[in-house]
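> Turn this into a model:
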Amino acid sequence: MKRYQNILLLIAVVALAALPLWTAKRAPSGPEGSQAAQFSGTDDKAKDLAQNISPAYKPWAKPLMTQQGGEIGSLLFALQAALGAGFIGYYFGVSTTRARMRRETDTETRC
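Modelled structure (predicted):
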């Protein structure tokens, strides 16, 4: 039963990650008729603002890799957040367990 429960939870997690990307509708066109970016972030908005302020602006650094779509950037950001949360949760779990084990050994040595 436990094995099937883990498999079902894994399927649910994958479905929760994939369904929003699959069912997302395209953003409406902008005022000039240009296609609005669906998964644009603050980096894109900052680049556009810098180009509006100074049209001669040229970036001084190039990206290490280019992405095919904006949803890949959102996915990588979510993956980074999930890994960070997992690391923090693991750290708190280990530190709590160590503190509990120290208390247990201290009470055993006193008796």
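
> By mean pLDDT, point me to the weakest helix or strand of this protein.
Lowest on mean pLDDT, DSSP states H and E among the helices and strands of the chain sits helix 42-53, with a mean of 81.

> Helix 42-53 and the following helix or strand past it, what's the angle between them?
Sequence-wise, the next helix or strand downstream of helix 42-53 (DSSP states H and E) is helix 70-110. Helix 70-110 runs at 130 degrees relative to helix 42-53, counting by axes from the mean of the first three to the mean of the last three Cα atoms, to 10 degrees.

> Mind giving me the packing neighbours of helix 70-110?
Helix 70-110 sits against helix 2-23, with contacts defined as 3 or more Cβ pairs under 8 Å, 6 or more residues apart in numbering; DSSP states H and E. To be clear about C-beta, it is placed using only N, CA and C from the backbone, and glycine gets the same treatment.

> can you give me the mean pLDDT across the helix it packs on?
For helix 2-23, mean pLDDT rounds to 89.

> hmm, who's touching that helix?
With contact meaning Cβ atoms under 8 Å, 6 or more residues apart in numbering, helix 2-23 is reached by 71, 75, 78.

> Give the buried residues for that helix.
For helix 2-23, a neighbour-count test (16 or more other Cβ atoms under 10 Å) marks nothing as buried.
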